[in-house]
Each structure stands twice: as structure tokens, then as C-alpha cells.
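Participant: Need a 3D model of the following:
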Amino acid sequence: MKRYLMVSTVNNCYRALSSWSHVKEVSKRIDLAGSNSPIDVSTGRVARLADGSAEVRIGNTSVLSVVVWKRVEDGSVAPFLPLTVSYRQQMASLGRIPKSFDRRDRFTSTTEILTGRLIDRCIRAGFKDSSIVEALDVTCSVLCDDLVHDPDIVAINASSVALGLSTLPGYKAVGAVRVAVDSRGNLILNPSKSQRFQSDVDLVVAADVNGHITALESGCNKVPRGLFIEALKQGTSSAQTLAHEIHEFTLQNSKPKYQSSSQKSQLSYTEEILSLCEERLLDVFRDARHDKLSRDLSIKSVRLETAEKLRNKLDDREFIPEIFESCFTEAIGITLRKLAINENTRCDGRRLDDLRPIDCKSGIYPALHGSALFSRGQTQVLCRLAFDSLTTSEQLDPISASLRGKLRKYFMLHYQFPAYSTNTVSTGKVNANRRELGHGNLAEMGIAPLVPVDYKFTIRLLAEVLESNGSSSMASVCAASLALMDAGVPIDQHAAGVAIGLLSNRSKDENSSIEDCRLLTDILGFEDFFGEMDFKICGTKSGQVTALQCDVKKHGIPLNVAIEAVDKGLQAIAKIIQIMESDLQTPRDVAKASKMPQVRDFEIHKYKMAGVFGPGRLNVKHLEDVGCVFSTKDESTLSVFAPNQSLMKEVVRVVEDKLNELKEPMLQFGQICNAKIESIVDKGIYVTIYQDQKPVFIPNFQLDAKNVSHASVLGFAEGQNVKVKFFGRDPSSGRMRLSRRALLIPASELPSMDYVS
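Facilitator: Purely as a prediction, here's the structure:
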């Protein structure tokens, strides 16, 4: 019996080995109209043990995406898709060696986290059913970065291909493209990095085979609505074409899909729950007196009552708590959808286009460079601004620098989301998490186009969420705009942000087309959680778009819904900015305020710089210790940053005193001067031309028309006066160049460089 089991096991192993060893290597080239480079897709060459793997290349930028998933074993149902996306770009992809002490890639950069979040948003809506998935990992590794093509777009498409090739069922292919615009207004598909850096539009569009948008992300330089919509249409069409090509490739080369042997039908469960709790839920949603906390408590009460009723109605063996929670959540979404579509009303009593009450106040902390408090409903953000010298800007790592096209960041917006903002007990973590990094990056993109590129200070905005009930990142944009004006930053207009939600009735067929829908302006956190879309848009009162981010929970949205969301968002932004302008309409005149930092340039000859600083910078060390920064713009310009006016006055006093000490008469080139011999050494003499001058060295070969070995040969003695000729200063040290020899022989007989000391 044991021998039979052993033989059987070995035979099974050989069959598995045979299946693995005969994995075919296949590839496909996809040409998109308007794209700079074709997209090469391949599989079967590497990472063959994983559930799915694919390598995608654009130009010479190549990304490997690998999918591994674990199915549910105990029959439970996951309340959401347990998807984890890891994006890693190591220095080896750039042909560089890390600068860490052991020369290893030490940490996950902010750029990698943001790219991973982008990939997650693009592919998440492609899953039709996640009930059988216990864990799903998508790992993207940048194998090579040619510094021409962006690896993030390559990674999104590689992940989509790998998921389609994997054994995981129910995934609909997604394609992603980037759209930019050149100086003549022509749209560019998948532009090079240099083209993207020069473009006012940077739009990433992900769409499925039906043309439904699954994700959008864009940072724009105050782009008009018309140009943005044109880029959106082009991107959606190209992404759909790419998704169709990916779908065909995965359909032909996919591994056999997993077939669940015991799938539980939740439809009757949901309908049963809905019949028990719909009226109670409607009563809660129609009560406009509820706030975030009281609404949550009321729904919790309804959930407990419904669970008890259902448990009494069903056999205990048929009541599964995990399935009940999933179905009850679905019932809340259905009830919200009915309320919005049938009655054009929302859970807090607002109409579909209504904004929550807005209150804003700038300059609430006069001692700071800039501050503002922005409240919208129960979402409240405090934004504080700090100026500092340009040397305190953020130095980007090589990978981030290659993606951003610059080595340093002079404008930063950091977003903080403490636990108390949602009445939650803190876990004690201090470092920014993935969500905070993503929200901060979006808010920074929304406000950055307004800030002058060549501003004289480094700017850091700290947006701290004090209360949160939806759209805290968009409230951060509003608070940041007010803080910038409060600090006197010369921005020509305000920027604001708003989130648009979606509730819809969809068809029951495979395409899940929208039959009827309602867009919700300025959504609550509750509407975000139970809704189908979170469409964040930032812009100006004049209808210019500065940033956009859209993630869809399921099925994607058609193009016309996205365009309508853009229009509703811009209309809401105009209303929000009108309220903001009632508090502060133009930048404050704070140039002479004592709290404001100062920058001043001093024109100083290069040879005097060392005298100003002193040995070991002793002359300015006491100023540097209190925040002053001394830097040289060029060889004759000293730039000084001081945190306030009083320190700048002290800087001016110190610099002017040192310059007065170093003051000396201006000599003309070729001027003949009387010099006093201060000392005689073996290689020459030291002389002074004026009182209190630091002695100037004249070498022996510049003392006479003939070469002399020592100054005593010429009868020189200390204290004696001699005539010398001035030949300017040494360009590196600033020392005077003096010569006695030039007075003793005709200029025509002098070698061209004979007078150089």
C-alpha cells in the first residue's frame, strides 16, 4: 500500500513537472495609433511557477508583473477584494548602484507607493466577483528603465495581462495609456518623459474592453475644460483598444481558470435582508438631523435588529454571519440608490448638487507665515505654511528625479490624517501611511500649478485633518489655497477641490451597462463607501483643471458619465471659490511684516568672500545657528536667507562691517604704485601698498629684469619703498599680482604670461 502511494505521488509530481516544463513562451506586439512606441507583451519566459506572469515592454522600459492568489477554503465570503499591489523599482533598473552603506535598495520610496496605488485603482474595477479570493498579490518589478518611457503605464498593462493569464476567474482585461499635449495643442499618446515634462496635460486613463473607465489620474497646468475633455476622449478610446488586444492575448494563452465547487448564492439572502430593513434604512436616510456618528449608530441598530429577525426566520445552520454582513452592506447600497434615483435625495437630506455648509478662515495664527482653517460639513482641515531657504528643498532620489524631471522639490504639501479625526483610537504610528502619501500627492498636484516656479522660498504646507467625513484631500486643496494667499504668495487665483460620487442601476447582463444613474456632488464618507465612484477634481473658478483622480469600485463608468462628472465638479468648484473669496480674495501684502523671512543678495568680489565668512565660518556661525543661510549664486553674489527682519538686519550689519574691514583702494590695471617691503624670504618679498593691507607676495623672478636668487642681491631691506606695477588679481584666490620687472624692461619684450605670480 505504501509503495502504491509512493508511486502515485511520484507520477503526480512528474505530471506537474511536465505541465510546468511545457509552458510555451508567447509574445505579441500591439501598435496603438498616435503612440510613440509599440507595446510588446510576452509570457512563459520567466516566473512560470506563479499563478500568472507577464512582461510588458515599451521602448526599452520593461516591467514584470506576477500574480499569486489564495482561494477561500472554508466557504466564507470576503467583504471586499483583498488585493495587494507592490511596485518596486530598484536602482539596478537604471544601471546605478544604491548609495546606502551596504549598497542595497533599503526602503520603499514614495514614488513606488504612489505608483502601486495607481495600479491598484486601475485594475480593481476589473474584478467581477471576489467572493472566492482570500488573498491576491500583484507584484510589479521594473526590470529596465530606459529613462525615456514611463514605467508606471507599462506596469499597469503588465498587471492586467498577468491577471488575465492567471488561474483567477472573473477578471475583465483593462488597458491603460497616458495622454499629453505638445506646444501646438496636439495630443500625444504614451509620450516620452521629455514630452511629458513640457506638456500642460498629464492624464492616465484606464478602461476595459467595453470602453468603461476604471480609473483616471491627472496633474494639469491650469488646463481649459475643452482641452481636458478632448484628452479624456482620446485616452479612453486608446485604452479600450489596448484592453481589447490584451483580452485577445490572455484568452488564447491563459491558464485554466479555477472553478469553485461550492458557490453560495447571495441574491435571495440580499433580497430577504432588504425586505426586513429597507423601510428602517429609509427612515434613517430621510432624517436630515443625523450627523456622521448618529447615522452610524442608527444603522448599527438596524443591522442588529435585522440580524436577529433573519436568524429567527432561518435555521441557525443557514445563518452565516460573514455572508449576512456582506448582504447587509449591499442592502444599504441598494437603499441609497433607490433614494437618489427615485427621490433625487441623499442620506443627509441634500439634493444631488448641493454642497455641504462651508466655513473658512485664513490668518488664524498670526505668528505663522500662513494659516487657514477650512470646514465643509463635518470635514475640517487646518493648513499651516512655512517658508525656508531654497537649500531646505527636498532632494529627490534618482528614481523619483527621473520620473519628475527635476532633482529638487521647492513646493511640498504634506497631508496628515490623525485617528481622532474619525473618533478612532490611535495605534501610535507616526510615519505617513500609504493613504496619507496618496492624498497628499493629489492635493499637491491640485495646488502646485498656482505657485510661481521661481519663487524665492521653499514652501511647505502641512494639511492636518481635524475632522473627517469625506473629501478631506479636496478640503486640503481649499485650505492650502487660503494659506498661500495668507502668506502673500503671488498666486493669481484660488484653487479648490470637490469629490463627485455615483449611484446607478445597471443591467444584469455581462456588460453591467448603466441604465439609470445619479451623480452626487460633494459626497460624504458614507456615500463614498457605499457608492460606486470617487471622482476627485481640482480646479479654478474660471473652469481650469489642475488635478483629477477617479477610482471606480466595480464595472467602470462610461465616458459620458466621466464628462458629466467633470462639468459638475467644475461648477461646484466655482461655488466653493466664491465662498473662499469672501474671506480672502487676493494675496496679503506681508512683505514688510516682521515675521516674514527675508532674502537679500550682496555683490561681493570673490576674493573677499573668505574674509566675510572668516576662518571656519566663525563670522557667520552665530547667524547660521538661528536659521540664517548663506549661499553663493555665482562668483560675485552672496545670497542670504534670514527667518525674519530682525535677523536680516543683523546679517546686513555683520556683512557690511566685514566689507568695511576689507575695503581697499581701487587700482587700475597697469597702475604704478609705491610699495613698502614688509619682509624678505628666500623666494621673494612681501609688500604692502596701503595701510593695514595684508602683505602681497612678489616672487624673485618679478623683482628685476634679470633672474635673481634672493632679494638681498638687489640691496632690498625691510621697510624700504619700491615701485611696482599692478596687473590685476588672481582669478581663483583674488590675490594682487604685482611686478617690479615690468617697470624695468619694455612691454614689447615681456612674455605674455611673464608677470603671472
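
Participant: Confirm that Tyr686 sits in a helix.
Facilitator: No: Tyr686 is assigned strand when assessed by DSSP: H, G, I helix; E, B strand; the rest coil, not a helix.

Participant: show me the contacts for it.
Facilitator: Neighbour list for Tyr686: 677-680, 695-698 [criterion: CB atoms under 8 Å, 6 or more residues apart in numbering]. Glycine gets a C-beta too; all of them are placed from N, C-alpha and C.

Participant: Report the buried members of those.
Facilitator: 677, 680, 696-698 (16 or more other CB atoms under 10 Å).

Participant: Let's see which of those end up in helices.
Facilitator: The subset of those located in helices under the criterion DSSP state H is empty.

Participant: ok, which pair from the residues you listed is furthest apart?
Facilitator: Ile680 and Val696 (13.7 Å; CB to CB).

Participant: Would you confirm that Gln90 contacts Val142?
Facilitator: Yes: applying CB atoms under 8 Å, one finds Gln90 in contact with Val142, separated by 7.4 Å.

Participant: Compare the two and say which is more crowded by neighbours.
Facilitator: The residue with more neighbours, out of Gln90 and Val142, is Val142; 24 against 16, by other CB atoms under 10 Å.

Participant: tell me the contacts of that one?
Facilitator: 61-63, 87-90, 93, 151, 155.

Participant: and Ser748, what pLDDT?
Facilitator: Ser748 is assigned 56 on the pLDDT scale.

Participant: quick revisit: and the contacts of Tyr686, which two are furthest apart?
Facilitator: Maximum pairwise distance among those (CB to CB): 13.7 Å, between Ile680 and Val696.

Participant: got any ranges where the protein has weak pLDDT?
Facilitator: For the chain, the stretches flagged by pLDDT under 70 are 1-23, 74-79, 260-268, 316-317, 731-734, 746-757.

Participant: centroid residue for it?
Facilitator: Asn441 (4.0 Å; CA atoms, centre = their mean).

Participant: does that residue sit in a helix or strand, and which one?
Facilitator: Using DSSP states H and E, Asn441 maps to helix 434-447.

Participant: Can you name the element that comes right after that helix?
Facilitator: strand 458-467.

Participant: Go ahead and measure how far stretch 383-394 is from the middle of the chain.
Facilitator: Centre-to-centre, stretch 383-394 and its host chain are 17 Å apart (CA atoms, centre = their mean, to the nearest Å).

Participant: go on, stretch 392-412?
Facilitator: From the chain centre to the centre of stretch 392-412 is a distance of 10 Å (CA atoms, centre = their mean).

Participant: who's in contact with it?
Facilitator: By CB under 8 Å, 6+ apart, the list of residues contacting stretch 392-412 from outside reads 89, 91, 94, 96, 109-112, 145, 147, 150, 152, 193-194, 196-197, 390, 444, 448, 451, 455, 458-461, 629.

Participant: go with 7 Å
Facilitator: Contacts of stretch 392-412 from elsewhere in the structure, counted by CB atoms under 7 Å, 6 or more residues apart in numbering, are 89, 91, 94, 96, 109, 111, 145, 147, 150, 193, 197, 390, 448, 451, 455, 458-461.

Participant: Which parts of the stretch 201-350 of the chain are helices?
Facilitator: For the stretch 201-350 of the chain, the helices defined by DSSP state H, counting those that start in this stretch cover 225-253, 267-286, 292-313, 321-343.

Participant: Work out the gap between the second one and the centre of the chain.
Facilitator: Pointing back at helix 267-286 there. Centroid separation for helix 267-286 versus its chain: 42 Å, with CA atoms, centre = their mean.

Participant: quick one: buried residues of it?
Facilitator: Within helix 267-286, the residues scored as buried using 16+ other CB under 10 Å are 269-270, 272-274, 276-278, 280-282, 284-285.

Participant: ditto for the first one
Facilitator: Of the residues in helix 225-253, those buried by neighbour count under the rule 16+ other CB under 10 Å are 225, 227-247, 249-250, 253.

Participant: got it, and stretch 659-676?
Facilitator: Buried, per 16+ other CB under 10 Å, within stretch 659-676: 662, 667, 673, 675-676.

Participant: Mind putting the residues you listed into a markdown table with distance to Asn423 and secondary structure?
Facilitator: Shown next, in a markdown table, are the buried residues of stretch 659-676 (distance: CB to CB, whole Å; DSSP: H, G, I helix; E, B strand; the rest coil):
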| residue | distance to Asn423 | secondary structure |
| --- | --- | --- |
| Leu662 | 64 | coil |
| Leu667 | 76 | coil |
| Cys673 | 81 | strand |
| Ala675 | 82 | strand |
| Lys676 | 83 | strand |
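
Participant: Rebuild those residues as a markdown table, extending it with distance to Ala479.
Facilitator: Output for the buried residues of stretch 659-676, formatted as a markdown table (distance: CB to CB, whole Å):
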| residue | distance to Ala479 |
| --- | --- |
| Leu662 | 49 |
| Leu667 | 59 |
| Cys673 | 65 |
| Ala675 | 67 |
| Lys676 | 68 |
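
Participant: Out of those residues, the closest to Leu519 would be?
Facilitator: Leu662 (69.6 Å).

Participant: give the contact list for the closest one.
Facilitator: Here Leu662 is in contact with 608, 611 (CB under 7 Å, 6+ apart).

Participant: now do Lys222
Facilitator: By CB under 7 Å, 6+ apart, the residues touching Lys222 are 449, 540, 544, 546.

Participant: Apart from its chain neighbours, what residue comes closest to the second one?
Facilitator: Just to be clear, that refers to Thr540. Once flanking residues are discounted, Thr540 sits nearest to Gln493: 5.2 Å by CB to CB, 6 or more residues apart in numbering.

Participant: Please enumerate the strands of the stretch 51-200 of the chain.
Facilitator: Using DSSP state E, counting those that start in this stretch, the strands of the stretch 51-200 of the chain run over 52-58, 61-71, 83-88, 133-144, 174-181, 187-189.

Participant: looking at those, which is buried most?
Facilitator: strand 174-181 (a mean of 28; mean count of other CB atoms under 10 Å).

Participant: who's in contact with it?
Facilitator: In contact with strand 174-181 (CB under 7 Å, 6+ apart) are residues 122-123, 126, 150, 153, 156-157, 160, 187-191, 195-196, 199-208, 214, 227, 231, 234-235, 238-240, 242-243, 246.

Participant: ok, back up a step: tabulate the strands of the stretch 51-200 of the chain (a markdown table), appending distance to Gly349.
Facilitator: Listed next are the strands of the stretch 51-200 of the chain as a markdown table, based on distance: least, CB to CB, whole Å:
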| stretch | distance to Gly349 |
| --- | --- |
| strand 52-58 | 47 |
| strand 61-71 | 43 |
| strand 83-88 | 35 |
| strand 133-144 | 38 |
| strand 174-181 | 37 |
| strand 187-189 | 43 |
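
Participant: of all those, which lies closest to Lys608?
Facilitator: strand 174-181 (48.5 Å).

Participant: Report the angle between the closest one and helix 225-253.
Facilitator: Angle of strand 174-181 versus helix 225-253, following axes from the mean of the first three to the mean of the last three CA atoms, to 10 degrees, is 150 degrees.

Participant: and strand 174-181, C-alpha only, in PDB?
Facilitator: Output of strand 174-181 as PDB, limited to C-alpha atoms (Å, rounded to 0.1, in the frame of the first residue of the first chain):
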ATOM      1  CA  VAL A 174      -8.000  46.600 -18.600                       C
ATOM      2  CA  GLY A 175      -5.800  48.800 -20.700                       C
ATOM      3  CA  ALA A 176      -4.000  52.000 -19.600                       C
ATOM      4  CA  VAL A 177      -2.500  54.900 -21.600                       C
ATOM      5  CA  ARG A 178      -1.000  58.300 -20.800                       C
ATOM      6  CA  VAL A 179      -2.100  61.300 -22.800                       C
ATOM      7  CA  ALA A 180      -0.100  64.600 -23.100                       C
ATOM      8  CA  VAL A 181      -0.200  67.600 -25.300                       C
END
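
Participant: circling back to that earlier point, between the strands of the stretch 51-200 of the chain, which one is closest to Leu437.
Facilitator: Of those, nearest to Leu437 by CB to CB is strand 83-88, at 13.0 Å.

Participant: Show me how far the closest one is from its chain's centre.
Facilitator: The answer for strand 83-88 is 17 Å, by CA atoms, centre = their mean.
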